[in-house]
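In: Could you work out the structure for the sequence below:
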Amino acid sequence: MKRKLLFILAFVLAASLLTVMIVNAQDGQPRIPTDDEVNAVAKKLYCPVCPNTPLDVCETQACKDWRAQIRDQLAAGWSEQQILDYFVQQYGERVLGEPQRSGFTSMVWVLPLIAVLSGIVIVWQVLRSWRLKRAEQVSSEISTPNSSDRISKELRALVEKELKEID
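Out: Take a look at the predicted model:
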């Protein structure tokens with residue numbers, strides 16, 4: 001009997017805790033985003049005032065206002081992409097830290113790859129031509145003796161005559 005009463009009491013206690021947790025989670029109070037969450041979005045945006053300065057490290061008043069606005073938008077339930085889209089709509093694509101990968105801006109991603117591949121091909125061609133040129137020089141040196149290696153006919157005849165006399 002005691003065991004049954006203890007089991008019922010534990011069940012009622014667990015059910016009431018679960019109910020309190022569910023009600024507490026749905027109480028409608030806005031969740032306050034952390035600085036890390038705000039900076040995760042802010043580092044993808046650039047300062048409207050300072051050139052080439054990410055929003056998460058800039059200390060101008062405009063950037064502080066933007067970070068406060070991002071905090072409010074995150075608290076309101078906006079996604080990161082919605083916030084980025086909002087700032088692009090308000091200020092243009094120049095506020096993005098990384099250009100979008102579509103349309104003409106896709107060239108920003110493709111051109112460096114093309115440049116690197118072209119550089120590799122050019123270096124390969126130059127090295128190949130140097131190697132071929134060197135191989136031609138070596139083969140021409142082997143096939144044609146140097147002028148110092150050439151012996152006049154008279155000298156050759158004299159050497160052959162002396163060699164015959166020694167035998």
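In: okay, Pro51: pLDDT?
Out: pLDDT, Pro51: 77.
In: give me the number of residues near it?
Out: Pro51 sits with 7 neighbouring residues when counted by other Cβ atoms under 10 Å. C-beta coordinates here come from the backbone N, C-alpha and C atoms, glycine included.
In: again, but for Ala75
Out: Residues near Ala75, counting by other Cβ under 10 Å, number 15.
In: Verify the contact between it and Pro33 for me.
Out: Yes. Using Cβ atoms under 8 Å as the test, Ala75 is close enough to Pro33 to be in contact (5.8 Å).
In: what packs against the strand or helix carrying Leu17?
Out: Per DSSP states H and E: Leu17 is located in helix 2-25. Here helix 2-25 touches no other helix or strand, going by 3 or more Cβ pairs under 8 Å, 6 or more residues apart in numbering; DSSP states H and E.
In: Buried residues in it, which are they?
Out: For helix 2-25, the buried set under the neighbour-count rule, 16 or more other Cβ atoms under 10 Å, is empty.
In: Next, work out how far apart Ser139 and Cys58 are.
Out: Ser139 sits 65 Å away from Cys58, going by Cβ to Cβ, to the nearest Å.
In: When these two are compared, which one has more neighbours?
Out: A count of neighbours by other Cβ under 10 Å puts Cys58 above the other of Ser139 and Cys58, at 20 against 10.
In: hey, C-alpha coordinates of stretch 115-123 in PDB?
Out: Coordinates of the C-alpha atoms in stretch 115-123 are reproduced here as PDB (Å, rounded to 0.1, in the frame of the first residue of the first chain):
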ATOM      1  CA  ALA A 115      43.600  32.700 -62.600                       C
ATOM      2  CA  VAL A 116      45.200  30.000 -60.500                       C
ATOM      3  CA  LEU A 117      44.500  27.300 -63.200                       C
ATOM      4  CA  SER A 118      45.800  29.600 -65.900                       C
ATOM      5  CA  GLY A 119      49.000  30.300 -63.900                       C
ATOM      6  CA  ILE A 120      49.600  26.500 -63.400                       C
ATOM      7  CA  VAL A 121      49.200  25.900 -67.200                       C
ATOM      8  CA  ILE A 122      51.600  28.800 -68.000                       C
ATOM      9  CA  VAL A 123      54.200  27.600 -65.600                       C
END
